[in-house]
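[1] Output the structure for:
(one chain, ligands or ions: 1)
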Amino acid sequence: MGLFGESDDLKKLNSAVCPLPWISASFNTDASFRVCCNTSHGGLITSQGKKLYLAEVNSLNEIKNSETVVSLKNDMLAGIRSDFCKSCYDVEDSGGMSIRQYYLKKYKNFSSELNKNSHLNVGIKFLDFSLSNNCNLKCRMCTPGASYLLSEDFKKAGFNFDSEYSEKAHVGWKYEGLIEELIKTNSDSLEDILFTGGEPLTNQIHLKVLSQLVAIDVAKKINLTYHSNLMVLPKPIIELWKNFKSVEVHLSLEGHEQYNDYIRHNSRWNKILENLDTLLSHKKAINLWFEIHTVFQAYNVLVIPKFLNYLQRFNPKIPVVPHFIWIDNPSFLSVNSLSLDLKKQAVAEIERFIEDNRAFYQNSKYYEFNLEKIEILKSCLKRIVFEDFKQEQLQFVSYTRKLDSMRNQNVLDVFPELSEVFI
Ligand code: SF4
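    Purely as a prediction, here's the structure:
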């Protein structure tokens, strides 16, 4: 019986399978290979217990045949929802749309190709580059592994971090060699590239990748996606983007104005607005999609209604409901670290705001997108656990006070809503 031959088989498979282990190549900021960027454990690809690095791998077949990828594919084909992909399955179980489901929808022909041949060996359709930890910001939910600037802060504050990883991420990337080769040999199959960081818009390797794709004349069939803080918007990048099939910018914001600038340290709200305006002014020359991504966390949860309200001014220019992302790591920044009363208050206020603004979202431009993101926000609310997490709350307070003292800030100047936690 074929893989999708029985409806029970199909159901099992559909609840587990993801295209990414078949069709993508994905890299951590330290230039090691991973399955995807969506796991809470790093998603590392290992062989004999060791990480595989860009500089040490000669061909992509070493990755495709690695123990990690082979066993993950086997699990998925058997309909087993392995712990490796727990972050996706958890989102689905709480009613949200997972990254797995997003990619299943995006590569909808993948399932039928897999149906014909469960040993499918296709070219790379999707490249996922977390291009180093070189970033211009020092966000509170980040680590030196993703922003090198945080290394000094973490050392001063005595926070644990993997300094070997962060040094590798700082210098471990180079374009010449496997990346250049990957692009050349997969230029026929390549459809999508995701650039994250660090801040990809400041990254020189990223510029070389774009230039190569333009030079070999395949840019027009490639979609680019970025996770960017939009504190910079270099002109050469805008010019290169005009050659691509589409450009999707996921702007990382944790709130508006002071809320964002506090959580995303070194951010300047007015600069982001200026770059957003510049970007939108190129909409005729660039096939541009724009959305906001926000970490649903202890700092911002009580101002989410204000943030949603503020964002409504951008309708109809852009979709105005952010894609909210539940934070697992560090666990003390999870909303669960707040007191029971604050959690109840946050849920009640967000639910009330959604109810009061239902008509606005239904009549907004991009209403389908906005309503889908509202559902994701509601799924984050469902993940809040109404118990006391005393230990995490203490860690949240201590972490915040240490960073505040180094940065000459006071959390309560920005988030007086959290006074009960910090008195
Ligand atoms: S199921 Fe989720 S975690 Fe697993 S590979 Fe796909 S996107 Fe990544």
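[2] okay, now the residue in the stretch 251-400 of the chain positioned nearest to the ligand: neighbour count?
    For the stretch 251-400 of the chain, the residue positioned closest to the ligand under CB to the nearest ligand atom is D328, at a distance of 12.4 Å. Where C-beta positions appear, they are placed from N, C-alpha and C, glycine not excepted. The burial metric for D328, expressed as a neighbour count using other CB atoms under 10 Å, is 15.
[3] nearest spatial neighbour of it, skipping sequence neighbours?
    The shortest distance from D328 to any residue that is not its chain neighbour, by CB to CB, 6 or more residues apart in numbering, is 4.5 Å, and that residue is S40.
[4] helix/strand/coil for the one you found?
    Applying DSSP: H, G, I helix; E, B strand; the rest coil to S40 yields a three-state assignment of coil.
[5] Enumerate every residue touching it.
    Residues counted as contacts of S40 (CB atoms under 8 Å, 6 or more residues apart in numbering) are K86, S87, D328, N329.
[6] Enumerate every residue touching the closest residue in space to R140 that isn't next to it in sequence.
    With CB to CB, 6+ apart as the measure, I263 is the residue that lies nearest to R140, at 5.1 Å, once sequence neighbours are left out. Shown in contact with I263 (CB under 8 Å, 6+ apart): C139, R140, M141, E254, G255, Q297, Y299, N300.
[7] unless I'm mixing things up, the residue of the stretch 251-400 of the chain closest to the ligand is touching S334, no?
    Yes: taking contact to mean CB atoms under 8 Å, the distance of 6.9 Å between D328 and S334 places them in contact.
[8] and this structure, what are its domains?
    Each domain of the chain is listed here as a residue range: 8-124, 332-423, per automatic domain parsing.
[9] Name the residues of this protein found near the ligand, please.
    With CB under 6 Å from any ligand atom as the criterion, the chain meets the ligand at residues C18, L20, P21, V35, C36, N38, T39, C85, S87, C88, I99, R100.
[10] if you set the cut-off to 8 Å instead, what comes out?
    Proximity of the chain to the ligand, by CB under 8 Å from any ligand atom, involves residues 18-21, 35-39, 43, 72, 76, 84-89, 98-100, 102-103.
[11] Now the buried members of those.
    Buried positions within those, assessed by neighbour count (16 or more other CB atoms under 10 Å), are 18-21, 35-39, 43, 72, 76, 84-85, 87-89, 98-100, 103.
[12] Could you tell me which of the residues you listed belong to helices?
    L20, P21, L72, M76, S87, C88, Y89, I99, R100, Y103 (DSSP state H).
[13] what would those look like in a markdown table with pLDDT?
    Compiled in a markdown table, those are given as follows (pLDDT from 0 to 100):
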| residue | pLDDT |
| --- | --- |
| L20 | 95 |
| P21 | 94 |
| L72 | 94 |
| M76 | 92 |
| S87 | 92 |
| C88 | 94 |
| Y89 | 94 |
| I99 | 92 |
| R100 | 94 |
| Y103 | 92 |
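[14] Which one of those is nearest to E420?
    S87 (30.3 Å; CB to CB).
[15] Tell me who's in contact with the closest one.
    Under the criterion of CB under 8 Å, 6+ apart, the contact partners of S87 comprise N38, T39, S40, S98, I99, D328.
[16] so which strand or helix has N329?
    Taking DSSP states H and E as the definition, one finds N329 inside no helix or strand.
[17] Once you drop chain neighbours, what's closest to it?
    S40 (5.5 Å).
[18] my read: E291 touches F369, true?
    Yes: counting by CB under 8 Å, E291 does reach F369; the two are 7.4 Å apart.
[19] what do these two both touch?
    P319.
[20] What's the separation between the residue nearest to N329 and S66?
    When CB to CB, to the nearest Å is the yardstick, S40 and S66 sit 20 Å from each other.
[21] Please apply the same query to V35.
    Noted for V35: a distance of 10 Å to S66, by CB to CB.
[22] Identify the contacts common to those two.
    Counting by CB under 8 Å, 6+ apart, the contacts common to V35 and S66 are I45.
[23] ranges for the strands of the stretch 301-423 of the chain?
    Counting by DSSP state E, counting those that start in this stretch, one finds strands in the stretch 301-423 of the chain at the ranges 323-326.
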